[in-house]
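Colleague: Whatever this is, show me its structure:
(2 chains)
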2 protein chains.
Amino acid sequence: MQMIDLQAYLTKKQSMVNQWIEACFSQESRAEKITNAMQYAVSAGGKRVRPILCLAASESVGGNPSNLLPVACALELIHTYSLIHDDLPAMDDDVLRRGKATLHIEFDEATAILAGDALLTLAFQILSDPQYVTSENGQATLKVMHRVSVAAGYGGMINGQMLDMMSEGKKLNLNEIKVLHKKKTGALIEASVFSGALLGGANAKEMQALNTFASHIGLAFQVADDILNVIGDPVKMGKAVGTDIDRDKNTFPANMGIAESQVYARQLVEKALHAIESFDKKSEPLRAIARYIIERNR
Amino acid sequence: MQMIDLQAYLTKKQSMVNQWIEACFSQESRAEKITNAMQYAVSAGGKRVRPILCLAASESVGGNPSNLLPVACALELIHTYSLIHDDLPAMDDDVLRRGKATLHIEFDEATAILAGDALLTLAFQILSDPQYVTSENGQATLKVMHRVSVAAGYGGMINGQMLDMMSEGKKLNLNEIKVLHKKKTGALIEASVFSGALLGGANAKEMQALNTFASHIGLAFQVADDILNVIGDPVKMGKAVGTDIDRDKNTFPANMGIAESQVYARQLVEKALHAIESFDKKSEPLRAIARYIIERNR
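Modeller: Model prediction:
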């Protein structure tokens, strides 16, 4: 098995994503409060897991990641919007995110709601931008938009956030916790891998393998997040820990304990890697990211 | 000039739109709180101005309106999401909309934020749905999505809402008021006419005429809305009146008085009608809607 320098890979891809997102906001538009707020949120330095998964999935089937940057960045904008709205006082009421004040604290609640709305809308503006959509990739782009909107919508991510809030203080069983997190986190991660795979030119067999891969790492990502919320370092993570226990959230550690959750996360990553074991060395970054998902400390 | 029975036309089109939107929500999904909230908001019986403009614009250039229903309804979902978020306590803090309690009053604030998010996302899900997008209309659909997302986004509708809030209590001049309303209301109305025209098969000359038409009625619509907020009947309108004055909003009546605003609205509609005067009788509904925009009482 060939190993890659994951840190170098992540740094390079994060930098590509960050530069592309920065360039979305023209000098002129930066004078506006709404644009300032959007920029504040997107430039807070997240891990860029979703866009990098999109790029790595594309590479794994021979796609050129630089063609995929607009789509990858659109996924990050959707993720960022969801964080802004989840952090609002009416929802999780969080004051710290990625090491900085949350948007409604730094600006105000109305601006945070609108900046979230604007990032979601900008994602679809980018996905349909005639600068990037050609007559060759038009139909595939429409498929990506549909998959992404389903994943982000009332049957996916938004549904997961509703379930999460409604189940605070209630005891869900393991299967219900899985359903909640498959929607809240898994759906957009799966859509990210799907988008990269489709636009990278995956054949049916590769697509099936990557869907299975994505389904497992989507869940593993959330299990790891839950674990970090208990045992993580708030300085490294840039946000408070222990908040899930305080809010009596339905997490994997709360259901099965920390040690068992760690075993479960490893099993999920093993299953994910198994799904793409026939892939060649172009999938090394994707494999490395799968391992990173449970080994990260933020 | 051939006159049409506008009330019959509006009733028929409203019913088409309402049925289509209702059918978006499967029996199964209605068990969910988020879907309930979305449905509550969309079934409150708005005038459906944007989807009807889209359909009538399409008809005016020989398009078949029934092919346009998904796009028309997506526009209404975007409009509804914007109302839900504008009504939130952090923004206009309204308790009545379309004669019913606003969404955050009927449900709760978190649900209202998420239902708005979900309606916006659903609009793009519908626009990219492979059920409606064919290989023939794929490229045009992408253009519609781009135009709609730009109109709804941080340079358009969301920007208008920011400007509206930020300018409460400040005195804008007439030109600044026009810019504010062109973004807040005009952009999505223009996008609605554009979408109908493009998918209806408008040629370049027709498109230019319809763009001019839309720009004038978009502004006329907002002037009429401002007038109704002063002299309208709250029972017919299904929402409170006098709220703009209470909040010291920058409206046309506040700037130029009621009588002058009424003259201005009529002039705008005349200009709109002038732009499409060479169109044949298929544009009668569109002409009638332009007149209705300033004659309506809700």
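Colleague: who does the longest helix along chain A touch, helix- and strand-wise?
Modeller: The helix that spans the most residues within chain A, counting by DSSP state H, is helix A:204-231. On a contact count with 3 or more Cβ pairs under 8 Å, 6 or more residues apart in numbering or on different chains; DSSP states H and E, helix A:204-231 meets helix A:49-60, helix A:174-181, helix A:187-199, helix A:243-246, helix A:252-256, helix A:258-275, helix A:284-295. Every residue, glycine included, has its C-beta placed from N, CA and C.
Colleague: Just the CA trace of the last one, in CSV.
Modeller: Same thing as helix A:284-295. Written as CSV, here are the backbone C-alpha positions of helix A:284-295 (Å, rounded to 0.1, in the frame of the first residue of the first chain):
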residue,chain,number,x,y,z
GLU,A,284,-4.8,6.9,-1.9
PRO,A,285,-5.9,10.4,-0.9
LEU,A,286,-9.4,9.2,-0.4
ARG,A,287,-8.2,6.3,1.7
ALA,A,288,-6.0,8.6,3.8
ILE,A,289,-8.9,11.0,4.4
ALA,A,290,-11.1,8.1,5.6
ARG,A,291,-8.5,7.3,8.2
TYR,A,292,-8.0,10.9,9.1
ILE,A,293,-11.7,11.3,9.8
ILE,A,294,-11.4,9.2,13.0
GLU,A,295,-7.8,10.2,13.9
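Colleague: what is the orientation angle of it with helix A:258-275?
Modeller: Counting by axes from the mean of the first three to the mean of the last three Cα atoms, to 10 degrees, helix A:284-295 points 170 degrees away from the direction of helix A:258-275.
Colleague: quick one, what contacts A:Met145?
Modeller: A:124, A:127-128, B:124, B:127-128, B:145 (Cβ atoms under 8 Å, 6 or more residues apart in numbering or on different chains).
Colleague: Report the two of those separated the most.
Modeller: Across the contacts of A:Met145, no pair lies farther apart than A:Leu127 and B:Leu127, at 10.7 Å, counting by Cβ to Cβ.
Colleague: Go ahead and confirm A:Ser149 touches B:Gln125.
Modeller: Yes. With contact defined as Cβ atoms under 8 Å, A:Ser149 counts as touching B:Gln125 (3.7 Å).
Colleague: in chain A, what secondary structure element scores lowest on mean pLDDT?
Modeller: helix A:234-237 (a mean of 85; mean pLDDT, DSSP states H and E).
Colleague: List the buried residues of stretch A:258-277.
Modeller: For stretch A:258-277, a neighbour-count test (16 or more other Cβ atoms under 10 Å in any protein chain shown) marks A:261-262, A:264-266, A:268-269, A:271-273, A:275-276 as buried.
Colleague: now these in JSON lines, with pLDDT and distance to chain B?
Modeller: Listed next are these as JSON lines, based on pLDDT from 0 to 100; distance: Cβ to the nearest Cβ, whole Å:
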{"residue": "A:Ser261", "pLDDT": "96", "distance to chain B": "27"}
{"residue": "A:Gln262", "pLDDT": "96", "distance to chain B": "32"}
{"residue": "A:Tyr264", "pLDDT": "97", "distance to chain B": "27"}
{"residue": "A:Ala265", "pLDDT": "96", "distance to chain B": "28"}
{"residue": "A:Arg266", "pLDDT": "97", "distance to chain B": "33"}
{"residue": "A:Leu268", "pLDDT": "97", "distance to chain B": "27"}
{"residue": "A:Val269", "pLDDT": "97", "distance to chain B": "30"}
{"residue": "A:Lys271", "pLDDT": "98", "distance to chain B": "29"}
{"residue": "A:Ala272", "pLDDT": "98", "distance to chain B": "27"}
{"residue": "A:Leu273", "pLDDT": "98", "distance to chain B": "32"}
{"residue": "A:Ala275", "pLDDT": "98", "distance to chain B": "26"}
{"residue": "A:Ile276", "pLDDT": "98", "distance to chain B": "26"}
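Colleague: contacts for the least confident helix or strand of chain A?
Modeller: Residues contacting helix A:234-237 (Cβ under 8 Å, 6+ apart): A:228, A:240-241, A:297-298.
Colleague: Select from the residues you listed the one having the most neighbours.
Modeller: Tallying neighbours with other Cβ atoms under 10 Å in any protein chain shown puts A:Leu228 at the head of these, with 19 neighbours.
Colleague: pretty sure A:Gly45 is touching A:Arg97, no?
Modeller: No. Applying Cβ under 8 Å, one finds A:Gly45 not in contact with A:Arg97, separated by 10.4 Å.
Colleague: list the contacts for the closest residue to A:Ala275 other than its chain neighbours?
Modeller: Distance criterion Cβ to Cβ, 6 or more residues apart in numbering or on different chains; nearest residue to A:Ala275, sequence neighbours excluded, is A:Thr212 at 3.9 Å. A:Thr212 is in contact with A:271-272, A:275, counting by Cβ under 8 Å, 6+ apart.
Colleague: Export those as CSV, with columns for distance to B:Ala41.
Modeller: What follows is the contacts of A:Thr212, written out as CSV (distance: Cβ to Cβ, whole Å):
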residue, distance to B:Ala41
A:Lys271, 40
A:Ala272, 39
A:Ala275, 40
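Colleague: Relative to A:Ser135, which of these is nearest.
Modeller: Closest to A:Ser135, out of all of these and judged by Cβ to Cβ, is A:Ala275, at 33.1 Å.
Colleague: does that closest one really touch A:Phe213, like I thought?
Modeller: Yes. A:Ala275 lies in contact with A:Phe213 (Cβ under 8 Å); the separation is 4.4 Å.
Colleague: For the helices and strands packed on helix A:204-231, give me JSON lines that also has distance to A:Gln19.
Modeller: Listed next are the helices and strands packed on helix A:204-231 as JSON lines, based on distance: least, Cβ to Cβ, whole Å:
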{"stretch": "helix A:49-60", "distance to A:Gln19": "12"}
{"stretch": "helix A:174-181", "distance to A:Gln19": "31"}
{"stretch": "helix A:187-199", "distance to A:Gln19": "19"}
{"stretch": "helix A:243-246", "distance to A:Gln19": "32"}
{"stretch": "helix A:252-256", "distance to A:Gln19": "35"}
{"stretch": "helix A:258-275", "distance to A:Gln19": "29"}
{"stretch": "helix A:284-295", "distance to A:Gln19": "19"}
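Colleague: Pick the most deeply packed of those helices.
Modeller: helix A:49-60 (a mean of 29; mean count of other Cβ atoms under 10 Å in any protein chain shown).
Colleague: So what touches that one?
Modeller: For helix A:49-60, using Cβ under 8 Å, 6+ apart, the contacting residues are A:10, A:13-14, A:16-17, A:64-65, A:67-69, A:71-73, A:75-76, A:79, A:188-189, A:192-197, A:199-200, A:202, A:206, A:210, A:214, A:217, A:221, A:276, A:279, A:282-283, A:285-286, A:289, A:293.
Colleague: continuing past that helix, what's the next helix or strand?
Modeller: Under the assignment DSSP states H and E, the closest C-terminal helix or strand after helix A:49-60 is helix A:69-86.
Colleague: helices or strands up against that next one?
Modeller: Using 3+ Cβ pairs under 8 Å, 6+ apart: helix A:69-86 touches helix A:6-24, helix A:33-42, helix A:49-60, helix A:109-127, helix A:138-152, helix A:157-166, helix A:187-199, helix B:109-127.
Colleague: Quick one: residues contacting A:Ser43.
Modeller: With Cβ under 8 Å, 6+ apart, A:Ser43 has these contacts: A:18, A:21-22.
Colleague: Next up, the contacts around the nearest residue to A:Leu83 once chain neighbours are set aside.
Modeller: Once flanking residues are discounted, A:Leu83 sits nearest to A:Arg97: 6.2 Å by Cβ to Cβ, 6+ apart. By Cβ under 8 Å, 6+ apart, A:Arg97 lies in contact with A:44, A:83, A:87, A:103, A:238-239.
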